[in-house]
Every structure is written in C-alpha cells, then in structure tokens.
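Colleague: pasting the sequence and the predicted model now:
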Amino acid sequence: YLSSFKIGAYNGYTSQPSPLPIPDSTYSLGFGLMPTDYMYVTKCCVGQNFGHGQLNRYGNIELSPSAGVLNYGQGLFEGTKAYRKENGKLMLFRPEENAIRMKIGAERMCMTAPSIDQFVDALKQTALANKRWVPPPGKGSLYLRPLLIGSGPVLGLAPAPEYTFLIYASPVRNYFKEGSAPLNLYVEEDFDRASRRGTGSVKTISNYAPVLMAQSIAKSRGFSDVLYLDSDNKKNLEEVSSCNIFIAKGKIISTPAINGTILSGITRKSVIEIASDLGYQVEERVVAVDELTEADEVFCTGTAVGVAPVGSITYRNRRVDYKTGSGSICEELYNTILGLQTGSIEDKKGWIVEF
Ligand code: COI
C-alpha cells in the first residue's frame, strides 16, 4: 500500500529556492495559495504509528484512484499560522491544540493520527524549511495546513488501510476580500452546515465542500458569507462557513456553546479566555437568532479569519447594523490576540511556542 503514494519532485512551482528573502511587495497578501519550498510528509499503515516524516519539495502527490480520501472523504485538515518576530525567531500559537483536535477528529473518522509531539515538531520543521516565506512582522504570517488523509485504496466503504500526514505552507494575510473592513453576513435558512450527532464539530474535509453553494449564492448577492442556524429548529446561531461567531451587548459577550455541531475553534477558545481576563462576562450558551436584533456588536473568530468585525447581518430581508472600529470590543480583542500571536504582548499563558 505504501507504494500508492509518491511525491512529485517537480510540479512547475518549485524551482530552486532563492537564498534571498521574499521581497516585501509579495506581502500585499490575501488568502490565496502561494506555493512555498517544502512540505512535510509521512505515512503509516493502519494500526501502526507514523514514521519520521521528511521534508520534500512542495509538489503534487500521487494517490491511488481508490484512496479512501478520494472516494469516501476520509480526511481531516488543520490550520495554524507561524509569525516572524522582530528578533527573527518564529512563533506558533497553541499548536498542541491543533494536534489534539486532529487526534479527536481522527477517532471520529476512524483514522490513525500523529502524536501530539510529532504534529508540533512537524509544524516547526515545515515553518523552518519555508522560513524565507514567513512575512516580516506586521505583514502577515505563514499559514500551515496539516492534512491527514486516508491514502490507502478501498472499494467497499471501510477505513483506508494507509494514512498520510502532510503539512504544506503558504504566506497569507487577510482572509476575506473585505480585508480588515467589516463583513456583511446573511443568515442561511435553506441549507444546514451540520446536524446533531454528525461531524460538525470535527475538522473533516467533508464539512467544507457542502457549504460552497450557500456561500456562492450569498456572495453573488453581495454578502461576505453566510451564518448558519441549528438544523433542528432554525432558531439558534451555529457558525459561519469558515469561522465561529460571537455577539456582544454591553459588557456581555456570548457565543454558541460547543454542542457537537460547532467547530471547536482555537481562536474561539482563546478569545473567550482573553475577554474574561479583560473583564467581560463571557457566556457559552444557546444564542438565539433573535438576539441579533439587540446586539451591539458581532464578530467572527478563526485561525484564518483572526478576529473579524461584522458590520451587518441580514435575516429574512431585515438588515441590522453593528458597531465596528475604534473603541469596539472586537477591536480590543483583535489587538490583544494578535499582539500575543506576534509577540508584541507578553505571553503569560504559555500559549506561544518560539523556535
Ligand atoms: C482556518 O481558520 O484555519 C480554517 O481552517 C478555515 C478554512 C476554511 C480556511
């Protein structure tokens, strides 16, 4: 089975890496893929542990047409960002949380996961191998995308006999085309993202393609993205296609509780802790869609998205506008978490891994 996977040595992107740092002008970045020099790869047969990974040139991979991931969607992904510090060192934010989430997801998807240590070590190796692509301080970050896929062949529906763990990297900055401008969301009622006891809470690749249709309809109507409601009653907030959601009223910040259908975001978890430290009352609970009418602020959180202000939400043809910008809670939380991630605010929580 191991022979079902080969690494393409050259795919047209990966000419010899220049010893020079990437020019500053490269960093007028959004969230498009900019291929980098190396990717980390390791694989294992079911029931075994992943071997030491290796850094290969970034390029296409070869898979059996009957790979579990291609036929039955047996795959998980993660996302984290490496930032460059003023002293030239790199920093990761709570990388073991991604490792734990992948382990939990792998259990749900009947896959073999790398250990926490291997996962974190692989992130560091990938970031270091692509160090020249890590934007200078204040210009963005190197997004690291770990993938765990069922790479072994299957025909009948069953777990794949071989798994591949790989990490590739791309420099990024703002996720939405709005840049740091407020988002305009649309409350989705025709499509659901996740159902009770389904896989909404794990980062399986199969949660993401199904949201594309609702997202593209909303975009064609001028919205930034859609906000999903619970699939049972369509009464309570769940999350946006690629991020979690928070509402704020006075000094109270609320976010939908993790209930099996909502992705357990690492930025979400961190924002909850930071907001409590800053003196806000933070509530993880059922948040009714009707509360959108009364909220002062709404914002999204996610690794790719960061902490993003929501300027308006449209629900059943009614648009409600929210406070954003200077003096907003969203801005305070954005500055605090980004300050921690980039090293301009001292990390007293042990969240930063510097290397
Ligand atoms: C992230 O925030 O890192 C994600 O994995 C979401 C993805 C849709 C970009």
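Modeller: Good, I have the coordinates.
Colleague: count of neighbours near the nearest residue to residue 237 once chain neighbours are set aside?
Modeller: Leaving aside its sequence neighbours, residue 237 sits nearest to residue 287 (C-beta to C-beta, 6 or more residues apart in numbering; 4.6 Å). In this view, the C-beta of every residue, glycine as well, is placed from N, C-alpha and C. Neighbour count of residue 287, defined by other C-beta atoms under 10 Å: 21.
Colleague: ok, now residue 177?
Modeller: 10.
Colleague: same thing with the one 4 residues further on?
Modeller: Other residues lying near residue 181 total 15 when counted by other C-beta under 10 Å.
Colleague: with adjacent residues omitted, what lies nearest to it?
Modeller: residue 311 (7.6 Å).
Colleague: report how many residues lie close to the one you found.
Modeller: There are 19 residues near residue 311, going by other C-beta under 10 Å.
Colleague: which residue does this structure bring closest to the ligand?
Modeller: Closest to the ligand within the chain is residue 79: 2.5 Å, counting by C-beta to the nearest ligand atom.
Colleague: and the pLDDT at the closest residue to that residue other than its chain neighbours?
Modeller: In space, residue 79 comes closest to residue 303 once its chain neighbours are excluded; the distance is 4.5 Å by C-beta to C-beta, 6+ apart. Residue 303 carries a pLDDT value of 97.
Colleague: hmm, the residue of the chain closest to the ligand is touching residue 305, no?
Modeller: No. With contact defined as C-beta atoms under 8 Å, residue 79 and residue 305 do not form a contacting pair (10.1 Å).
Colleague: ok, those two, which is more surrounded?
Modeller: residue 305 (21 against 16).
Colleague: next, the contact list for the more buried one, please.
Modeller: Residues in contact with residue 305 (C-beta atoms under 8 Å, 6 or more residues apart in numbering) are 175-176, 242-243, 267.
Colleague: any idea how far residue 313 is from it?
Modeller: Here the criterion is C-beta to C-beta, to the nearest Å. By it, residue 305 lies 16 Å from residue 313.
Colleague: next: residue 209.
Modeller: Taken as C-beta to C-beta, the span from residue 209 to residue 313 is 24 Å.
Colleague: who's more crowded, the two?
Modeller: More crowded of residue 209 and residue 313, by other C-beta under 10 Å: residue 313, with 25 against 9.
Colleague: for the more buried one, give me phi and psi.
Modeller: phi -130, psi 130 (degrees, to the nearest 10).
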